[in-house]
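Colleague: coordinates only, sequence not included:
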């Protein structure tokens, strides 16, 4: 899902998105400093919001918890929970779908699985759809109109190349950036980036600040891709590495620029295998880091037929999450990473949440 054919040209799609109005939270909590007239003086950006999924030892989602059942630690210090919301609160979710070359025969199944995911959501939940190959397309903005989302899914068409990190940047920054409330992205991809300007290193700080859980349905396309790479360059069906992929691979093995081949067709078969294997290893590691850092997770999908239950699994988790908020005792705006730990007081229950966040900067 990451490679271009010989007929591909690099085209990075520019999305002109309407601005989203700024949101101000009207309610206040006892933790906010107050002026003498009773108005708050603490800005809402200081509020740390944490989405927590709670399961028992069998992996079943736990329901009917309240704020007193939770403890949040920031850098080892217990915090006072000032905001709490149950699963009754709607959330905003973006379905992000990789439509690059290796999905050409599976687009109809992908559409069907995504529609199943829609059926698992509640009427008040808002959904957007983003598709990407070597370009990125916003097929619909956030909406609770299911017919509109259905029409957007109907627009999915296969292409070539994978602007994976550009797609995540546009989703988190432009689609969800100013949206309040619970947010998640659900990405169907193999995670092997090949086009666009964004890299994992450039994107990671944005994701740390986004307060958006990232879930990945990780498709297994490695063998399919390797077969295409090993074809002769005279075969019109062959795959080739993009320049971005070759740079990433050779940087990872610390080979100097002078030692880095720039022509895919001059690479021997064993070198192509090594590069492909390494790119997939890095992709899996980077998806896991993103999921862990944002409080989401990676769900491996070894066969396209497993998509529907995988989507259903993620939808069930989103429906049973708890939203916790607090104003940190450490109110320094120093841009440093703060570790988080969420615990549940009830025996036998385990909470999973993002492991930290980056403090704002003055």
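Modeller: That came through, no problem. Predicted, not measured: the structure shown is a model, and the values here were computed from it.
Colleague: residue ranges with poor pLDDT in the stretch 1-150 of the chain?
Modeller: Within the stretch 1-150 of the chain, the stretches with pLDDT under 70 are 1-45, 102-105.
Colleague: residue boundaries of the strands in it?
Modeller: Remark: strands assigned in the stretch 1-150 of the chain by DSSP state E, counting those that start in this stretch are 48-55, 70-74, 77-79, 81-85, 91-98, 126-132, 136-143.
Colleague: out of those strands, nearest to residue 274?
Modeller: Smallest distance to residue 274 across the strands of the stretch 1-150 of the chain (Cβ to Cβ): 23.6 Å, for strand 91-98. In short, each C-beta sits where N, CA and C put it, glycine included.
Colleague: where does the stretch 251-362 of the chain have low pLDDT?
Modeller: Looking at the stretch 251-362 of the chain by pLDDT under 70, you get 255-259.
Colleague: Can you show me the helices along it?
Modeller: With helices called from DSSP state H, counting those that start in this stretch, the stretch 251-362 of the chain shows them at 269-294, 307-319.
Colleague: would you list those in TSV and tack on mean neighbour count and distance to residue 235?
Modeller: Listed next are these as TSV, based on neighbours: other Cβ atoms under 10 Å; distance: least, Cβ to Cβ, whole Å:
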stretch	mean neighbour count	distance to residue 235
helix 269-294	18	14
helix 307-319	19	30
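Colleague: okay, the ones you listed in JSON lines with distance to residue 137 next?
Modeller: What follows is the helices of the stretch 251-362 of the chain, written out as JSON lines (distance: least, Cβ to Cβ, whole Å):
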{"stretch": "helix 269-294", "distance to residue 137": "21"}
{"stretch": "helix 307-319", "distance to residue 137": "20"}
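Colleague: What's opposite the most centrally placed residue in the chain in the beta bridge?
Modeller: Nearest to the mean C-alpha position of the chain, by Cα atoms, centre = their mean, lies residue 214 at 3.1 Å. Residues in a beta bridge with residue 214, per DSSP bridges, are residue 185.
Colleague: Residue 268 is nearest to which of the strands of the stretch 1-150 of the chain?
Modeller: strand 91-98 (28.8 Å).
Colleague: Residues touching the closest one, excluding its own?
Modeller: Residues from elsewhere that reach strand 91-98, judged by Cβ atoms under 8 Å, 6 or more residues apart in numbering: 1, 110, 114, 117, 121, 125-133, 142, 153, 156, 162, 164, 167-168, 171, 175-176, 179, 181-190, 219, 318, 321.
Colleague: Please apply the same query to stretch 293-306.
Modeller: Residues contacting stretch 293-306 (Cβ under 8 Å, 6+ apart): 50-53, 106, 109-110, 184-185, 204, 207-208, 210, 212-220, 284, 287-288, 290-291, 307, 310, 313-314, 352-356.
Colleague: Tell me how the chain divides into domains.
Modeller: 46-87+320-358, 91-319 (automatic domain parsing).
Colleague: contacting residues around the residue nearest to the centre of the chain?
Modeller: Taking Cβ under 8 Å, 6+ apart as the definition, contacts of residue 214 comprise 168, 184, 185, 187, 207, 290, 291, 294, 296.
Colleague: Between the residues you listed, which sits nearest residue 226?
Modeller: Using Cβ to Cβ, residue 187 comes nearest to residue 226 of the contacts of residue 214, at 22.6 Å.
Colleague: okay, now that closest one: neighbour count?
Modeller: The number of residues packed near residue 187 is 26, by other Cβ atoms under 10 Å.
Colleague: Show me what the residue nearest to it when sequence neighbours are not counted is bridged to.
Modeller: Nearest non-adjacent residue to residue 187, counting by Cβ to Cβ, 6 or more residues apart in numbering: residue 96, 4.3 Å away. Beta-bridge partners recorded for residue 96 (DSSP bridges): residue 130, residue 187.
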